[in-house]
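# Fold the stuff below for me.
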Amino acid sequence: MSTRILFVCLGNICRSPAAEGVFRAMSGSLDVEIDSAATSTFHIGDPPYGPMIAAAGRRGYDLSDLRGRHFNSGDFSRFDLIIGMDADNLADIESQRPEGDATPVRVFTDYAPDLGRDHVPDPYYTRDFDGALDLVEACSRGLVDALGAGRI
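Sure thing, here's the model as predicted:
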């Protein structure tokens, strides 16, 4: 049975689609289903932000087929693990948790504790698309290791 993972950020145009694309490429033979979503409704139906598509493309990740969608409470029953990019994302996710639901919600940087980071900064505002991708790659490697070891 597949492990279903949802990556969530504010707009679903930079960090979470990058995480979806990078993790999809890195997950190899793992039996996973991957999606991404936004806590806001700013970019529903939109492709990822052009500069993020370009930065990811330079590293061999294709994000062009992804489209923004809104996170909703039904995602708790559809996914085995929900991963936010920062504390604000986690708070927005948790605000929609159905009573009694136990789906794990983590911040992505939990999977790369050696980096000493508590969030993936939003490159839409920082303009550091490569720096965000560096973090996404490190966190994706850690998540692959955690899944392979049965620790999610």
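# alpha carbons only for contacts and neighbour counts from here, please
Will do.
# now the helices for this protein?
For the chain, helices defined by DSSP state H occupy the ranges 15-26, 50-58, 75-78, 87-94, 123-126, 129-148.
# who does the fourth one touch, helix- and strand-wise?
Counting by 3 or more Cα pairs under 8 Å, 6 or more residues apart in numbering; DSSP states H and E, the packing neighbours recorded for helix 87-94 are strand 81-84, strand 105-107.
# Show me what the longest one is in contact with.
The list of residues contacting strand 81-84 from outside it, by Cα atoms under 8 Å, 6 or more residues apart in numbering, reads 3-9, 76, 90, 93, 103-108, 152.
# now do 10 Å
3-10, 15-16, 19, 34-39, 75-76, 89-93, 102-110, 119-120, 152 (Cα atoms under 10 Å, 6 or more residues apart in numbering).
# Equivalent analysis for the shortest one, please.
Contacting residues not belonging to strand 105-107 are listed as 6-8, 76, 80-87, 89-90, 93-94, 97, 118-120, 139, 152 [Cα under 10 Å, 6+ apart].
# What are the buried residues along it?
For strand 105-107, the neighbour count (16 or more other Cα atoms under 10 Å) marks 105-107 as buried.
# Okay, now the sheet partners of it, with direction.
Applying DSSP bridges, strand 105-107 is found paired with strand 81-84 (parallel).
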